[in-house]
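K.L.:
take a look and give me a structure for this.
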Amino acid sequence: GWGLTNESKDVLGHDNEYLNGDCHHPHISMTDGRYDGKYLFINDKANTRVARIRLDIMKTDKITHIPNVQAIHGLRLQKVPKTNYVFCNAEFVIPQPNDGSEFSLDQSYTMFNAIDAETMEVAWQVIVDGNLDNTDADYTGKYAASTCYNSERAVDLAGTMRNDRDWVVVFNVERIAAAVKAGNFKTIGDSKVPVVDGRGKSEFTRYIPVPKNPHGLNTSPDGKYFIANGKLSPTASVIAIDKLDDLFDDKIELRDTIVAEPELGLGPLHTTFDGRGNAYTTLFIDSQVCKWNIADAIKHYNGEKVNYIRQKLDVHYQPGHNHASLTESRDADGKWLVVLSKFSKDRFLPVALPR
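P.N.:
Numbers count the residues shown, from 1 in each chain. Now for the predicted structure:
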């Protein structure tokens with residue numbers, strides 16, 4: 001009866017503007033890197049919106065439409081000191097402003113977005129090079145990072161896969177917030193949301209080259225690493241978060257932040273953790289989960305002959321997201337791993353079978 005009952009019409013709106021949704025990435029608010037049970041946030045990719053659910057009454061109390069962008073995909077929350085920001089990746093490159101007045105590719109881009117978790121107003125947006133995919137935040141409150149594909153700025157599928165490396169974009173949250181507070185921003189079209197430019201060599205961003213069309217971006221529960229999964233490369237890229245200060249101060253090169261790049265299998269999409277130093281990465285093409293040890297992967301990257309892969313487990317079928325218990329908080333306990341499969345097979349009877 002969804003869309004037919006009075007209650008569901010009150011949620012959808014009585015103007016029939018939204019007839020469907022495409023929910024991704026539900027995440028619970030945190031205080032000092034631990035779940036506080038206050039809110040759950042979830043994004044609607046189809047309609048470029050983010051909803052907040054109050055967990056004390058289990059009701060949606062706010063829905064925010066993100067201006068100037070199309071298709072909110074990755075969503076993660078600031079973990080420390082608390083969830084002040086909800087970080088949202090806008091995936092698709094669109095003309096700016098997107099009102100029909102501008103069609104130049106030179107004036108087309110997408111943006112990284114931050115929503116104030118309490119007011120549910122969009123706090124600021126950052127223009128980026130490429131198409132954003134998934135995101136996560138660190139355990140200091142200073143950095144967020146996003147996988148980013150289409151470094152080629154192509155408009156066809158083959159073109160978006162031409163380069164061997166794309167990027168992880170790292171955002172300096174403190175610098176962005178300070179610039180907005182100081183009034184160093186612009187606005188786009190009719191929107192009043194502050195926008196800063198994070199393209200190229202910017203004070204707000206750094207573009208770390210990683211292979212290839214990276215997809216998932218996950219923070220280890222010890223707060224040491226961002227791990228980007230290659231999607232079109234059999235590798236995952238391990239970024240040392242403690243090197244990011246030096247990177248933003250221009251003391252090291254972009255790839256100096258990479259401390260390991262283990263080869264895991266075909267189609268790595270997302271990585272989760274057990275809190276004991278092991279990572280678990282879904283392999284979409286191989287239909288497996290790969291368990292690997294981060295410390296051994298770093299040793300291997302530094303030239304030691306060590307096998308970092310602990311186990312590969314067949315799963316059914318073509319997995320995407322995976323989550324271990326409490327793994328997106330400081331309290332990862334390594335008890336359970338849930339693997340979410342994208343496809344089904346051998347379940348449905350064929351149709352129109354000849355007699």
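K.L.:
for the residue lying closest to F226 once chain neighbours are set aside, give me the pLDDT.
P.N.:
Among residues not flanking F226 along the chain, I239 sits closest, at 4.3 Å (CB to CB, 6 or more residues apart in numbering). Quick note: C-beta positions are derived from backbone N, CA and C, even for glycine. pLDDT, I239: 98.
K.L.:
which strand or helix spans I239?
P.N.:
strand 236-240 (DSSP states H and E).
K.L.:
how about residues contacting that strand?
P.N.:
By CB atoms under 8 Å, 6 or more residues apart in numbering, the residues outside strand 236-240 that reach it are 145, 168, 170, 208, 210-211, 214, 224-230, 257-262, 264, 268, 271, 279, 281, 294, 297-298, 301.
K.L.:
with just CA atoms, put it into PDB.
P.N.:
The C-alpha trace of strand 236-240 is given here as PDB (Å, rounded to 0.1, in the frame of the first residue of the first chain):
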ATOM      1  CA  ALA A 236      43.300  -2.600  -2.900                       C
ATOM      2  CA  SER A 237      45.200   0.500  -2.100                       C
ATOM      3  CA  VAL A 238      46.100   1.100   1.600                       C
ATOM      4  CA  ILE A 239      46.500   4.800   2.500                       C
ATOM      5  CA  ALA A 240      48.300   5.700   5.700                       C
END
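K.L.:
could you identify the helix or strand that succeeds it?
P.N.:
Using DSSP H and E, the helix or strand that follows strand 236-240 in sequence is helix 244-248.
K.L.:
returning to what we had before: tell me how many other residues crowd the residue nearest to F226.
P.N.:
Neighbourhood size, I239 [other CB atoms under 10 Å]: 25.
K.L.:
now K231. Nearest residue, chain neighbours left out?
P.N.:
Nearest non-adjacent residue to K231, counting by CB to CB, 6+ apart: H215, 4.1 Å away.
K.L.:
now do the helix or strand of the chain with the lowest mean pLDDT: distance to the chain's middle.
P.N.:
Sorting the helices and strands of the chain by mean pLDDT, DSSP states H and E puts helix 6-12 at the bottom, at a mean of 75. Helix 6-12 sits 30 Å away from the centroid of its parent chain (CA atoms, centre = their mean, to the nearest Å).
K.L.:
helices and strands around it, which ones?
P.N.:
Packed against helix 6-12, as judged by 3 or more CB pairs under 8 Å, 6 or more residues apart in numbering; DSSP states H and E, are no other helices or strands.
K.L.:
what's the burial count for Q288?
P.N.:
21.
K.L.:
again, but for V122
P.N.:
24.
K.L.:
and it, its phi and psi?
P.N.:
Dihedral pair for V122: phi -70, psi 120, per degrees, to the nearest 10.
K.L.:
doesn't I72 make contact with it?
P.N.:
No. Using CB atoms under 8 Å, V122 is not in contact with I72, being 11.0 Å away.
K.L.:
gap between M111 and K192?
P.N.:
15 Å (CB to CB, to the nearest Å).
K.L.:
ranges for the strands of the stretch 251-355 of the chain?
P.N.:
258-260, 268-273, 278-283, 288-293, 309-314, 319-324, 337-341 (DSSP state E, counting those that start in this stretch).
K.L.:
turn the ones you listed into TSV, columns for distance to L55 and mean pLDDT.
P.N.:
As requested, the strands of the stretch 251-355 of the chain are exported to TSV (distance: least, CB to CB, whole Å; pLDDT from 0 to 100):
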stretch	distance to L55	mean pLDDT
strand 258-260	36	98
strand 268-273	22	97
strand 278-283	27	98
strand 288-293	29	98
strand 309-314	33	97
strand 319-324	18	94
strand 337-341	20	93
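K.L.:
quick one: residues contacting A228.
P.N.:
A228 neighbours (CB under 8 Å, 6+ apart): A145, T147, V168, V210, P214, G216, L217, A236, S237, I239.
K.L.:
ok, back up a step: for the least confident helix or strand of the chain, list the C-alpha coordinates in CSV.
P.N.:
C-alpha atoms of helix 6-12 as CSV (Å, rounded to 0.1, in the frame of the first residue of the first chain):
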residue,chain,number,x,y,z
ASN,A,6,-2.5,8.7,4.0
GLU,A,7,0.6,8.1,6.2
SER,A,8,2.8,7.1,3.2
LYS,A,9,1.5,10.0,1.2
ASP,A,10,2.5,12.4,4.0
VAL,A,11,6.1,11.0,3.6
LEU,A,12,6.2,11.0,-0.2
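K.L.:
now the helix or strand following that helix: average pLDDT?
P.N.:
Moving toward the C-terminus from helix 6-12, the next helix or strand (DSSP H and E) is strand 23-31. Averaging pLDDT along strand 23-31 gives 95.
K.L.:
before we move on, what about stretch 184-191?
P.N.:
Average pLDDT, stretch 184-191: 95.
K.L.:
can you check stretch 85-100 too?
P.N.:
93.
K.L.:
ok, the closest residue to D242 other than its chain neighbours to V259 distance?
P.N.:
Nearest residue to D242 in three dimensions, chain neighbours excluded: K224, at 7.0 Å (CB to CB, 6+ apart). From K224 over to V259 the distance is 9 Å, taken as CB to CB.
K.L.:
likewise M30?
P.N.:
For M30, the distance to V259 equals 26 Å [CB to CB].
K.L.:
more neighbours, the two?
P.N.:
With neighbours defined as other CB under 10 Å, M30 and V259 compare such that M30 has more, 25 against 18.
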